[in-house]
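**Student:** Would you be able to build a 3D model of this:
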Amino acid sequence: MSDTATPDRRPVILVADDDPATRLLISESLQASDFRVLEAADGAQAVEIFSADRPHLVLLDVRMPGMNGFDACAAIRRLPGGETAPILMMTGMDDVESVNKAYEAGATDFASKPINLLILNHRVRYMLRAKHNLDDLRESQTRLARAQRIARLGHWEWDLKTAEVRWSEEMYRIFGTDPQSLVPAREALAERIHPEDREVVIKAINEALSQGKPYSLDLRIILPDGSPRFVHEEAEVTADETGRPIRMAGTTQDITERKAAESQIRLLAYYDGLTLLPNRLMFTEKLNQALANAQRQNRLLAMLFLDLDRFKQINDTLGHSVGDRLLQGVAERLRKCLRSGDTIARGGDPRGGGGDNVARLGGDEFIVSLTDLTRVEDVQKVAYRILEGLKEPFKIEKHEVFVTTSIGISLFPYDGTDLETLLKNADAAMYHAKDAGRSNFQFYSKSMNAAAEKRLTLENKLRRALERGEFQLHYQPLIDVDTWRIVGAEALIRWRHPEIGLVSPAEFIPLAEETGLIVPIGEWVLRTACAQIKAWHDLGDRNLFMAVNISGRQFNQEALVATIEQAVRATGADPKCLELEITESVLMHNAEETVQTLEVLKAMGPRISVDDFGTGYSSLSYLRRFPIHTLKIDRSFVNDVTTDPGDAAIVAAIIAMARGLSLEVIAEGVETPDQRTFLLQEGCRLMQGYLFGRPVPAEDFETLLRGQAGPQVAAAAGAR
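**Tutor:** Modelled structure (predicted):
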């Protein structure tokens, strides 16, 4: 057997009477009916027992010594649990005053003595059953109120006959008030509805009353502090037997958080997270609508494609944080340029004028749409306004950042009737604006489209050229005119496509730079040139050096040093016979970091040459700090050195400066004996150009090396 006692689940009845005989009779009768009985001899004892044991029901005699039944009843009602416990008052008095006093004290019922015990038992069971039902009802109401509080859902009822409105407690919380501050009434509630939503709500109520149909809608209410709150309201009408509406009941739910979440989702889906401008998705939807309207109304529509000039340089130099702040600043100025009051740039953006007319497509690309146009001149005005709006520097952190934009413009219906065509043509016009010098705008023309298609085709072919082995290197000899010997070679890339033939470097190199393909192409050039100089060294001339051009993109790659090390190690080339040619502009970009990179390269062994010297903006103070070996005089100065005193003076100054800095100097583009003579007289003995030899394939260059002799080379040069 278990040692655990079975709990006594019988209802507990407290009997309080100063007459022991009466208590005994009542107690025995109740116990026989399966009740558990507690006894008290007076009112004070009854209150004490109730506080300790919480009986289910109390029988109180009215007349007791000390605390009488009335006072005991009132005291029990004030105790925890006492407010709902059934209390039956027992007395020999049957006057109305005593009955009223008993009920005023909080009695549930009243019984006269002598007590009919059989009836008392039934009465007790009835009162307990009524209490149980009442407790269930209260619990249900509590659960409902809790659920409504959690769901932020209130309910209400409107009596159409009396105009009385009844609210649940949650309704007060939703309206941000309390019963003392607001008495529910339709007029008072209507005033709390947001003015912009009031007409919609009144219309829904009237239709519900006239047609008997329920309504469901979202609206805003105004809280006492003036802030709005979103609610969802549903209501239905109850009619009498004649079909006449007599009551309307409904629910009101606080959906402010849901609306905020929906707004955030919409923001993420339709707006650019950085600039808060519409993104490509929203722009596409809006512009398709605008195109349909323009077609119906036979109106013009303009699309302006904007690309920031040299944004990547700013981003790479000052960091992505400054780049992001710059994009935000540009977005804000574009909004101001397309202010909502402008008749040629209308938008419905809640954050500022022109918000829906300008979008960020990604990166540093923006798109502006102008609708409801009557004249092309209006488009020009906006384009000028944008260019002017971006002229002032942006103050970001400790920097003053200057940025301009190139704008391409396409017009509906002249340049296309669908979004894709207009966007493509505006993009083509934008590239034309960049080619025209940047910081300007250009309208689309068909010739631009043809050029853009050609460029795209060339780009696609260029992307496959490396893997298909379509590149080859030609080598131009570099001559020491004192000895007439070939002392070096410059590796120059050539692209021979199987279908379109030889493609000019002037055509594909800028495209490779722009697309970033110059990095893998440059790595291929470096490895191939290293392998070739190693092969020529094996022929016997170990003093021959190889000059290789390093593009700006290559030089700014973190992996540049590792790439050169790998090329040298893989081919076995002598790094001291490798000369890296870097343009003057690349050299001066972020000069402090450039010095560090060059020092690392110098320690590896390669020589550093400054290509196209004189065409950029070198600072002599930095030039002295750079660990460079050679200056190459640009061919633009050499070309007119015998006819233009200015060019002659520049060349003479470069040679003298190089001598003063203990640098070698090489003259490029030497084509005539007179140019050679002038350069030699000024002290430049290293030259390259058509006078000495054009760039040739490796086999032909090798032939020159094998047959190299002073008089023979001199004779060949004289013949040219």
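**Student:** helix/strand/coil for residue 213?
**Tutor:** Put simply, residue 213 is coil when judged by DSSP: H, G, I helix; E, B strand; the rest coil.
**Student:** tally of neighbours for the residue nearest to it when sequence neighbours are not counted?
**Tutor:** In this structure, residue 213 finds its nearest non-sequential neighbour in residue 207, 6.8 Å apart by CB to CB, 6 or more residues apart in numbering. (Glycine included, C-beta is placed from N, CA and C.) When counting by other CB atoms under 10 Å, one arrives at 12 neighbours for residue 207.
**Student:** Look up how far residue 201 lies from residue 207.
**Tutor:** 11 Å (CB to CB, to the nearest Å).
**Student:** so is the residue most central in space within the chain in a helix, a strand, or just coil?
**Tutor:** Nearest to the geometric centre of the chain sits residue 273, at 2.4 Å (CA atoms, centre = their mean). The three-state label given to residue 273 by three-state DSSP is coil.
**Student:** How about it: what's its closest non-neighbour residue?
**Tutor:** Excluding its sequence neighbours, the residue lying closest to residue 273 (CB to CB, 6+ apart) is residue 267, at 8.0 Å.
**Student:** Give me the phi and psi for residue 240.
**Tutor:** The phi/psi pair for residue 240 (degrees, to the nearest 10) reads phi -80, psi -170.
**Student:** Please read off the pLDDT at the nearest residue to it once chain neighbours are set aside from the model.
**Tutor:** Take residue 240 and drop its neighbours on the chain: the residue closest to it by CB to CB, 6+ apart is residue 246, 5.1 Å away. Residue 246 carries a pLDDT value of 87.
**Student:** Pairing partners for the host helix or strand of residue 610, with directions?
**Tutor:** Element membership of residue 610, judged by DSSP states H and E, is strand 607-613. Within its sheet, and counting by DSSP bridges, strand 607-613 is paired with strand 578-583 (parallel), strand 630-633 (parallel).
**Student:** Next, format those strands as TSV and append mean pLDDT, mean neighbour count and distance to residue 488.
**Tutor:** Supplementary listing: the strands paired with strand 607-613 in TSV, determined by pLDDT from 0 to 100; neighbours: other CB atoms under 10 Å; distance: least, CB to CB, whole Å:
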stretch	mean pLDDT	mean neighbour count	distance to residue 488
strand 578-583	91	22	7
strand 630-633	91	25	10
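**Student:** Would you reformat the ones you listed as a markdown table and include distance to residue 401?
**Tutor:** Listed next are the strands paired with strand 607-613 as a markdown table, based on distance: least, CB to CB, whole Å:
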| stretch | distance to residue 401 |
| --- | --- |
| strand 578-583 | 24 |
| strand 630-633 | 32 |
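**Student:** For residue 164, which of those is the nearest?
**Tutor:** Among the strands paired with strand 607-613, the nearest to residue 164 by CB to CB is strand 578-583 (87.9 Å).
**Student:** Pull the distance from the helix or strand where the residue nearest to residue 213 lies to the chain's centre.
**Tutor:** Using DSSP H and E, residue 207 sits in helix 195-211. Relative to the chain's own centre, helix 195-211 is displaced by 39 Å; criterion: CA atoms, centre = their mean, to the nearest Å.
**Student:** do the same with stretch 191-199
**Tutor:** 34 Å.
**Student:** Okay, now the unreliable bits of the stretch 351-500 of the chain?
**Tutor:** Along the stretch 351-500 of the chain, the model assigns pLDDT under 70 to residues 351-356, 447-452.
**Student:** er, the chain I mean
**Tutor:** Using pLDDT under 70, the chain drops low at 1-6, 93-95, 141-142, 144-145, 147-152, 339-356, 447-452, 589, 614-622, 709-720.
**Student:** Just give me the longest helix of it.
**Tutor:** helix 117-151 (DSSP state H).
**Student:** got the angle between the next helix or strand along the chain from the helix holding residue 207 and helix 195-211?
**Tutor:** Counting by DSSP H and E, the next helix or strand C-terminal to helix 195-211 is strand 215-222. Calculated by axes from the mean of the first three to the mean of the last three CA atoms, to 10 degrees, strand 215-222 forms an angle of 150 degrees with helix 195-211.
**Student:** other SSEs contacting strand 215-222?
**Tutor:** helix 195-211, strand 228-239 (3 or more CB pairs under 8 Å, 6 or more residues apart in numbering; DSSP states H and E).
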